[in-house]
Every structure is written in structure tokens, then in C-alpha cells.
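Engineer: With the input below, show me the fold.
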Amino acid sequence: MKDNNLDNSIRESHREALERLLEGNRRFVEGRSEHPRTDANRRVLLHAGQEPFAAIVGCADSRVPVEIVFDQGLGDLFSVRVAGNVATQAVIGSIEYAVTVLGVKLVAVLGHERCGAVQEALEGVGATEPLEVILNEIRPAVTEARERGGSLVDATVRIHAVNVARALVDRSDTLRSRVESGSLTIVPLLYELDSGRVERLR
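Structural biologist: Presented below is the predicted three-dimensional model:
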């Protein structure tokens, strides 16, 4: 996939959703979390259905709960979490559902520092067959990170988040057509464990 199909110049119609995520993250980092839209009234309002403003492909790591990291409430985010934030068929199908059924216009791929799945991929040890499916998704980023040099884990995490954003488009005609038409933006992000800050990678 060409880079211009990613978020090099995010479309104005989707900028508001991204800023809403990043503003919530700023509140979280500064200790000003509002924990919005989590009361009983919100639950009642959601009985009829959901209209999340963004979808997140995130890692299953217990240190990175996306609603808390972005200070969002019930019904705000369509969250797909899997070890290593990889683009398996189940993940792609889930994002296609968010886009085609729920009308999501912004998809964020959220990698994070010191990812255990990335570490497993770097060590190259034998794993169970289901785990190998995840590690094989990460290994291309390992190869690229080794070629670049520097901190191997951090570089792999960053490269992998970008690769997953590309893979969502490369492996899905549905998502690709919407990105190319301008109705969908996919952006890779990085979560810093120590600071709690989310950084936009592209």
C-alpha cells in the first residue's frame, strides 16, 4: 500500500475524531480524567444501539486499556484488542464491521512500549501454533528494526504499528476502498507506558 493511503495528511472530516482521542489522552496524562459517559443514563441511552466515533486496534496488554488511556466512555470507542495489536482476519473483520455497520470514520492502531508480544517475536523461541500466528505478524517489523539499528524493541513496536495500519488496507478491499475514497482514515499511534502519552506515528 502506498504511504499516501495512510494518515500523512489526515482528512479534515476525520481530524475532529483524532483530536478527541488525543485530548482525552492529554487529560489522562495530566491527571484530569473525566471518566465521561459512564453513568446509568448513558447505559440506558445505549440500549438502542451504538455509534462509536473511532475504532482502536490495540494490544491486549493489561497496562493499556483504551477507554482509560483516551478518557472515553461507554459507546465511544469500538475496541479490538489482541496480543501484539496484529491484523489477523478476525481483527480485520471486526474493523470492517465497525466501518460498514457502525459508520466509524477513524481507525487507530495503538502500539505500546515494551510490548511482550514484540519481545517474544524478537527472541525467536518456539511457541504454540496459535501464538506463532501472532508472532509471525510481528516478525517483518523485527527484520526492519534490525536493519535500522538502535533500540530493537522500541523500533519494532513503532514499525509494527505502521505495518498493521498498512495491513488493514492491504488485506481488506472494504477498508481500502474507503481509504481511497476519503471516507476512512487509518492512523498508527504509540502509547508510552511511563508517561501515559499517546504519540502519532504518521
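
Engineer: which parts of whichever strand or helix holds residue 98 are buried?
Structural biologist: Following DSSP states H and E, one finds residue 98 within helix 89-100. Within helix 89-100, the residues scored as buried using 16 or more other CB atoms under 10 Å are 91, 92, 94, 95, 96, 98, 99. Any C-beta I mention is one placed from the backbone N, CA and C, and that applies to glycine too.

Engineer: Over to stretch 103-118?
Structural biologist: Neighbour-count burial for stretch 103-118 flags 104-113, 115, 117-118 (criterion: 16+ other CB under 10 Å).

Engineer: Send me that stretch as PDB with only the CA atoms.
Structural biologist: Output in PDB follows, covering the C-alpha atoms of stretch 103-118 (Å, rounded to 0.1, in the frame of the first residue of the first chain):
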ATOM      1  CA  GLY A 103     -20.200   4.100  10.400                       C
ATOM      2  CA  VAL A 104     -16.700   4.600  12.000                       C
ATOM      3  CA  LYS A 105     -14.600   7.000  10.000                       C
ATOM      4  CA  LEU A 106     -11.300   6.900  12.000                       C
ATOM      5  CA  VAL A 107      -9.300   3.700  12.900                       C
ATOM      6  CA  ALA A 108      -6.300   4.000  15.200                       C
ATOM      7  CA  VAL A 109      -3.700   1.200  15.500                       C
ATOM      8  CA  LEU A 110      -2.300   1.600  19.000                       C
ATOM      9  CA  GLY A 111       1.100   0.000  19.700                       C
ATOM     10  CA  HIS A 112       2.900   0.400  23.000                       C
ATOM     11  CA  GLU A 113       6.300   0.400  24.600                       C
ATOM     12  CA  ARG A 114       7.800  -2.800  26.000                       C
ATOM     13  CA  CYS A 115       5.200  -5.000  24.300                       C
ATOM     14  CA  GLY A 116       5.500  -8.600  25.400                       C
ATOM     15  CA  ALA A 117       4.400 -10.000  22.100                       C
ATOM     16  CA  VAL A 118       7.100  -8.000  20.300                       C
END
